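**Q** Show me the folded form of this:
(one chain, ligands or ions: 2)
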Amino acid sequence: MEQRFVMKCGGSTLAALPASFFEDLRDLQARGVKAVIVHGGGPAISETLGKLGIESEFVGGLRKTSNEVLDVVEMVLAGRINKEIVRRIQQSGAKALGLSGVDGELIKAQPVANAAEIGFVGDVTDVNAAIIEGVMGMGYIPVIAPIGIDAAAQRYNINADTAAGAVASRLGVERMIVVTDVPGIMKTVNGEKQVLPSVTVVEIEAMIASGEIYGGMIPKVRAAIACIQGDVKEVVIVNGDMPGVLSKVVLEGGIGTRIVQQ
Ligand SMILES: Nc1ncnc2c1ncn2[C@@H]1O[C@H](COP(=O)(O)OP(=O)(O)O)[C@@H](O)[C@H]1O
Ligand SMILES: CC(=O)N[C@@H](CCC(=O)OP(=O)(O)O)C(=O)O
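**A** Ligands and ions are numbered 1, 2, ... in the order given. Below is the predicted model:
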């Protein structure tokens, strides 16, 4: 049975992903479980901006993006990080093809509502599913960098969780897997930190309001909520360094935090 999932790989965990993570991905691909990868790379962008002496700041979890910052974002995401992931997948024996949202106008974008304050940051308006499906049809794992483009050829920096959610929605895949540096959404119960096995939209809203979900977890849960309104049945947040994590999510379940409609 062919199954498809979209996987978002966060910059927080990319460098630490073991070779076995990509071997697991290869084995799933061989069984007909096909992945589409959308990746981040926030820490690598910050590191390069620092080396170049370019200041950047985050407003509401999104990077303030001037034209100068945009050049670095594109260089790091569509260049260094995208090719690093493609190389690692190929090393495992699977086939991968790297793209940014600019290529073939794969991710169409428009300025976010507060663009006057944060610059060239985009919201996704459309995803070219035919390109992604064509690449998958040729047996390659699409690896997508979250840069968007508009009709006037302006580029935008898009949060990778947001881009992955939009790709998952547009493809109507069963599941989105968010690979990050924590084992799921954590909550302190009776003084002890626990991973929640599943959460609903109502519970998420309450945890954002109380401050139990903050920072980089906010765009993940927002993207998850947006995609489960459509055909995507569940979003699972997991830690990438746990052995066999992908096949566990896809074939067994019971790992990480599942975000479901009800
Ligand atoms: N309730 C929560 N449970 C787990 N992590 C949380 C929670 N709220 C906020 N976070 C933070 O979200 C981070 C993951 O987001 P981020 O650093 O942006 O990762 P990525 O680069 O994978 O997108 C965690 O390392 C943690 O600091
Ligand atoms: C607008 C915006 O903030 N874009 C992000 C894109 C990369 C990203 O989202 O990477 P992670 O998934 O590793 O956080 C940025 O510039 O850092």
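**Q** Look up how far G137 lies from the residue lying closest to D103 once chain neighbours are set aside.
**A** Closest residue to D103 apart from its sequence neighbours, by C-beta to C-beta, 6 or more residues apart in numbering: I131 at 7.8 Å. C-betas here are computed from N, CA, C, even on glycine. Noted for I131: a distance of 11 Å to G137, by C-beta to C-beta, to the nearest Å.
**Q** So for the two, which sits in the more crowded spot?
**A** I131 (16 against 10; other C-beta atoms under 10 Å).
**Q** so where does that one fall, helix or strand?
**A** For I131, the host element (DSSP states H and E) is helix 129-137.
**Q** so when I look at G165, I'm seeing a helix, right?
**A** Yes. Judged by DSSP: H, G, I helix; E, B strand; the rest coil, G165 forms part of a helix.
**Q** Apart from its chain neighbours, what residue comes closest to it?
**A** A223 (3.1 Å).
**Q** How much space separates that neighbour from D231?
**A** 15 Å.
**Q** Who are the contact partners of the residue lying closest to I218 once chain neighbours are set aside?
**A** Leaving aside its sequence neighbours, I218 sits nearest to G61 (C-beta to C-beta, 6+ apart; 5.6 Å). Applying C-beta atoms under 8 Å, 6 or more residues apart in numbering to G61 gives the contacts N159, G215, G216, I218, P219.
**Q** Could you identify which of these has the most neighbours?
**A** Neighbours here are counted as other C-beta under 10 Å. On that basis the top member of the contacts of G61 is N159, with 25 neighbours.
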